[in-house]
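Undergrad: Provided below are the primary sequence and the corresponding predicted coordinates.
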Amino acid sequence: MIAELPFSQACENNKAAILSVLSRVFSASQSILEVGSGTGQHATFFASELAHLRWVPTETAENLAVLLPRWSEYTGDNLAPAEVLDVRQKPWPQLDIDGVFTANTLHIMGMDAVSDFFSGLGTVLEAGTHLAIYGPFNYRGSYSSASNAQFDQWLAARNPESAIRDFERVDQLARDIGMQLIEDNDMPANNRLLVWRMS
């Protein structure tokens, strides 16, 4: 009997919309680091659809077992070995990448870890490279929808350190490491896909 692979319905729902942006943003890139690859659905899908890229999936040590089953079934040659990465570690490993993508992670990790995420990025991204972040964001201290407000309550009940992040605070962290926002894309289910470029 073949075991079912770990599955996220949200990944299935949003992957095509995300691809439409990443195919443009990473058109001149060669190697993309994905932070928080989860079930591996995004990693294997984007690797298969963006054949010019080497896709580097990562997870924390405790969640790597969720990523490995789908990663191991990928038959292409552009999906790199799954790496262990905790954004809080210092220093970050020096990986051969020229872009970073992450989806639905900033609202899960605590704000201190979000700060560490950007500090780590500052050590691995060079001028001209791009960062793409998918997920829900608040703007000017307000929720963008009633469903996001409900989702934020659910996050807080699950883990008091989790929360939908304020765009302005995240953008300041990006600017602090020399990045400039170049795109704010409206996405399905009241999410955004934000893109920064390293100066």
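TA: Yes, it's here.
Undergrad: which strand or helix spans the residue most central in space within the chain?
TA: Taking C-alpha atoms, centre = their mean as the criterion, T102 is the residue nearest the geometric centre of the chain, at 0.5 Å. T102 is part of strand 99-103 when elements are defined by DSSP states H and E.
Undergrad: still on that earlier bit, what sits against the residue nearest to the centre of the chain?
TA: For T102, the residues meeting the contact criterion (C-beta atoms under 8 Å, 6 or more residues apart in numbering) are 34-36, 117, 132-134. Glycine gets a C-beta too; all of them are placed from N, C-alpha and C.
Undergrad: who wins for most neighbours among those?
TA: Comparing the contacts of T102 by number of neighbours (other C-beta atoms under 10 Å), E34 comes first, having 29 neighbours.
Undergrad: looking at this, that residue is in a strand?
TA: Yes. Inclusion of E34 in a strand is indicated when DSSP: H, G, I helix; E, B strand; the rest coil is applied.
Undergrad: quick one, helices of this structure?
TA: If DSSP state H is used as the criterion, the helices of the chain fall at 9-25, 41-49, 64-73, 111-124, 146-158, 167-176.
Undergrad: how about Q41, what does it touch?
TA: By C-beta under 8 Å, 6+ apart, the residues touching Q41 are 7-8, 11-12, 15, 70.
Undergrad: highest neighbour count among those?
TA: Highest neighbour count within the contacts of Q41, by other C-beta under 10 Å: R70, with 23 neighbours.
Undergrad: can you tell me how far that residue is from L79?
TA: Taken as C-beta to C-beta, to the nearest Å, the spacing of R70 relative to L79 amounts to 10 Å.
Undergrad: ok, now L173?
TA: L173 sits 29 Å away from L79 when distances are taken as C-beta to C-beta.
Undergrad: then N138?
TA: Using C-beta to C-beta, we find N138 at a distance of 34 Å from L79.
Undergrad: give me the below-cutoff pLDDT ranges for this protein.
TA: Scanning the chain for pLDDT under 70 picks out 1-3.
Undergrad: try it again with 50
TA: For the chain, the stretches flagged by pLDDT under 50 are 1-2.
Undergrad: tally up the residues packed near T75, please.
TA: Taking other C-beta under 10 Å as the neighbour definition, T75 ends up with a count of 7.
Undergrad: need the contact list for it.
TA: When contacts are counted by C-beta under 8 Å, 6+ apart, T75 is found next to no other residue.
Undergrad: look up phi and psi at it.
TA: Torsion angles at T75 (phi, psi; degrees, to the nearest 10) stand at phi -100, psi -10.
Undergrad: burial count for F167?
TA: The burial metric for F167, expressed as a neighbour count using other C-beta under 10 Å, is 19.
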